[in-house]
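Engineer: structure of the sequence below:
(one chain, ligands or ions: 1)
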Amino acid sequence: MFSKLRDKLKNWTQGLIKKAIVEEVEKVAKKEKAEKPAKEKKESIKKENKKKFKEETQEEVKEEIKPIEEHEYVEPKQKIFDKKEREVSEKILEDIKIEEEKKKGFFKKIFSGINKIKISEEEFEKYFEDLEYLLLENNVALEVSEKIIQELKEKIVGKEFSKKEIEEKIKTSLKEIIEEILIEPFDLIKKIRQKAEPLANSSGSQNKQKNTPFVILFCGINGGGKTTTIAKLANKLKKQEISCIMAAADTFRAAAIDQLKKHGENLQIKVISHEYGTDPASVGFDAIKYAKKNKIKCVLIDTAGRIHTSKNLMIEIEKIKRVCNPDLKLFIGESITGNDAVDQVKSFDDAINLDGIILSKADIDEKGGTALSVGYITKKPILYLGTGQEYDKLEKFDKKKFIESLGL
Ligand code: GDP
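Structural biologist: All right, here's what the predicted structure looks like:
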């Protein structure tokens, strides 16, 4: 799951660090270059001095050997002179060596000095396009990637970090940003229980919620995994001993009614259905009536999912909402569709004001950006991830785990 985005983020972070180091080296080199003329001048002065020193030394040598010449002629004049000059040139060589060593030390210092990295605005600007591209490529919507980049910029630009710190800083910054983008999911089962429990313990008139099931209206586009996810959730409720029924309110397609009935049979959970083409709101209404009568704790209403731009579809779902007055309206979409899922969730949110999102097919999604996008665009929590075709493949969405799966 989500391996592509994780790997790309890692590469980007390392690329940015490398770039910052290269820029830093270039900066030092530039400084070096700027200082070069001054250095050359210094060198020529030094050379002059050396020359002068040599001449002076030769004079000195001459002076030194004079008395020797006059009083005790031990060695030939040239020999003494050569010896003295050798001493002088050795000293000059020594000086040069010291100079070289000093230089070496300076470069050593430069490279170890790049322990500290400061990413300038220009460097970030140059590099952020790559980040934006990798986010977009991995199903992160433009609005969301812009937010991530802006916040990351505020967190790292102009601040000084050590080489060791910078990678960690980028990681923790991204982590913080994503944590903020994703809304903390509520506990759906707990919510259902909170409404269902007084019903079970009820002893009469004080309980206003008597015989009132918890109703969830599901919406989403055909093929997005809606029916399968409803069945998965029904299975989960059954396992938790929360009685439930499913309502086949997608009366637009005969196959959808049959599909839900099939799931009902498999799971031994009742499905309320009407004929193909009947009013979907009436199916939901009847399911709630049945649940009240039979003290069923939860009603899961499946709905039609033609293209999300269909005005009729939105009018239809609004009507179901009005008639059934659900406790929750949940969108089910595919994790793999990226921007399409964002457009879909927006349309449904505008129509019925969603309470949460379930993303199916996370098991075959290598990118992971859809979760960020739908969460940020709607400001609604992701409650579950579908992680396979089987009934038990419905995982509670865990922000921490999701962020970890991105390698942060
Ligand atoms: P609907 O048209 O929205 O009701 O979609 P369906 O429930 O019929 O699902 C469409 C296809 O997606 C079916 O083949 C499902 O088995 C498959 N599917 C649903 N959820 C998941 C999931 O989490 N992972 C995988 N791999 N497939 C899924």
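
Engineer: please, which helix or strand holds residue 332?
Structural biologist: Using DSSP states H and E, residue 332 maps to strand 328-334.

Engineer: err, residue 59, not the other one
Structural biologist: helix 3-71.

Engineer: coming back round to it: and the strand holding residue 332, average pLDDT?
Structural biologist: What strand 328-334 shows for mean pLDDT is 96.

Engineer: quick check: buried residues in that strand?
Structural biologist: 328-334 (16 or more other Cβ atoms under 10 Å). (Each C-beta comes from the backbone N, C-alpha and C, glycine too.)

Engineer: I'd like the next helix or strand past that strand.
Structural biologist: Assigned by DSSP H and E, the successor of strand 328-334 is helix 339-352.

Engineer: what comes up buried for that following helix?
Structural biologist: 340-349, 351-352.

Engineer: other SSEs contacting it?
Structural biologist: Packing contacts for helix 339-352, counted by 3 or more Cβ pairs under 8 Å, 6 or more residues apart in numbering; DSSP states H and E, involve strand 214-219, helix 311-324, strand 328-334, helix 369-378.

Engineer: measure how far the first one is from the centre of its chain, please.
Structural biologist: Put plainly, it is strand 214-219. 31 Å (Cα atoms, centre = their mean, to the nearest Å).

Engineer: for the stretch 251-400 of the chain, what are the low-confidence residue spans?
Structural biologist: 308-309 (pLDDT under 70).

Engineer: check contacts around the closest residue in space to residue 269 that isn't next to it in sequence.
Structural biologist: Of all residues not flanking residue 269 in the chain, residue 234 sits nearest, at 5.0 Å (Cβ to Cβ, 6 or more residues apart in numbering). Counting by Cβ atoms under 8 Å, 6 or more residues apart in numbering, residue 234 touches 244, 246, 263, 267, 269, 300.

Engineer: quick check: the first one touching residue 295?
Structural biologist: Same thing as residue 244. No - at 11.7 Å, residue 244 does not count as touching residue 295 under the criterion of Cβ atoms under 8 Å.

Engineer: so for these two, which residue has more residues nearby?
Structural biologist: residue 244 (26 against 14; other Cβ atoms under 10 Å).

Engineer: run a quick neighbour tally on the closest residue to the more buried one other than its chain neighbours.
Structural biologist: In space, and not counting its chain neighbours, residue 244 is closest to residue 298: 4.0 Å by Cβ to Cβ, 6+ apart. Counted with other Cβ under 10 Å, residues neighbouring residue 298 total 25.

Engineer: next, give phi and psi for residue 298.
Structural biologist: phi -140, psi 140 (degrees, to the nearest 10).

Engineer: can you pull up the bridge partners for it?
Structural biologist: Residue 298 has these beta-bridge partners by DSSP bridges: residue 214, residue 244.

Engineer: just confirm it contacts residue 240, I think it does.
Structural biologist: No - here residue 298 does not reach residue 240: they are 10.1 Å apart, not a contact under Cβ under 8 Å.

Engineer: picking up where we left off before, just the buried residues of strand 328-334 now: which is nearest the ligand?
Structural biologist: Closest approach to the ligand among those (Cβ to the nearest ligand atom): residue 332, at 6.6 Å.

Engineer: which residues sit in contact with the closest one?
Structural biologist: 218-220, 224-226, 229-230, 357-360.

Engineer: in strands, which of those fall?
Structural biologist: 218-219, 357-360 (DSSP state E).

Engineer: include neighbour count and distance to the ligand when you put the residues you listed into a markdown table, please.
Structural biologist: Shown next, in a markdown table, are the ones in strands among the contacts of residue 332 (neighbours: other Cβ atoms under 10 Å; distance: Cβ to the nearest ligand atom, whole Å):
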| residue | neighbour count | distance to the ligand |
| --- | --- | --- |
| 218 | 26 | 9 |
| 219 | 31 | 10 |
| 357 | 28 | 14 |
| 358 | 27 | 9 |
| 359 | 29 | 8 |
| 360 | 30 | 4 |
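
Engineer: now the residue of the chain found nearest the ligand. Nearest residue, chain neighbours left out?
Structural biologist: Nearest residue of the chain to the ligand (Cβ to the nearest ligand atom) works out as residue 386 at 2.6 Å. Spatially, and ignoring its direct neighbours in sequence, residue 386 is nearest to residue 360 (3.5 Å; Cβ to Cβ, 6+ apart).

Engineer: shouldn't that neighbour be in contact with residue 330?
Structural biologist: No - contact criterion Cβ under 8 Å: residue 360 and residue 330 do not qualify, at 11.8 Å.

Engineer: what sits against the residue nearest to residue 244?
Structural biologist: Contacts of residue 298 (Cβ under 8 Å, 6+ apart): 192, 196, 213-216, 237, 242-245, 291.

Engineer: could you do residue 320 as well?
Structural biologist: 217, 249, 280-281, 284, 301, 303.

Engineer: could you do residue 353 as well?
Structural biologist: residue 329.

Engineer: adjust the sequence numbering to begin at 33 for everything that follows.
Structural biologist: All set: I'll call the first residue 33, so the last point we hit is now residue 385.

Engineer: follow-up on the earlier one: any chance of the contacts of residue 330 in JSON lines with distance to residue 159 as columns?
Structural biologist: Shown next, in JSON lines, are the contacts of residue 330 (distance: Cβ to Cβ, whole Å):
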{"residue": "224", "distance to residue 159": "47"}
{"residue": "228", "distance to residue 159": "53"}
{"residue": "245", "distance to residue 159": "54"}
{"residue": "246", "distance to residue 159": "49"}
{"residue": "247", "distance to residue 159": "50"}
{"residue": "248", "distance to residue 159": "45"}
{"residue": "269", "distance to residue 159": "48"}
{"residue": "274", "distance to residue 159": "51"}
{"residue": "275", "distance to residue 159": "56"}
{"residue": "276", "distance to residue 159": "51"}
{"residue": "277", "distance to residue 159": "55"}
{"residue": "323", "distance to residue 159": "56"}
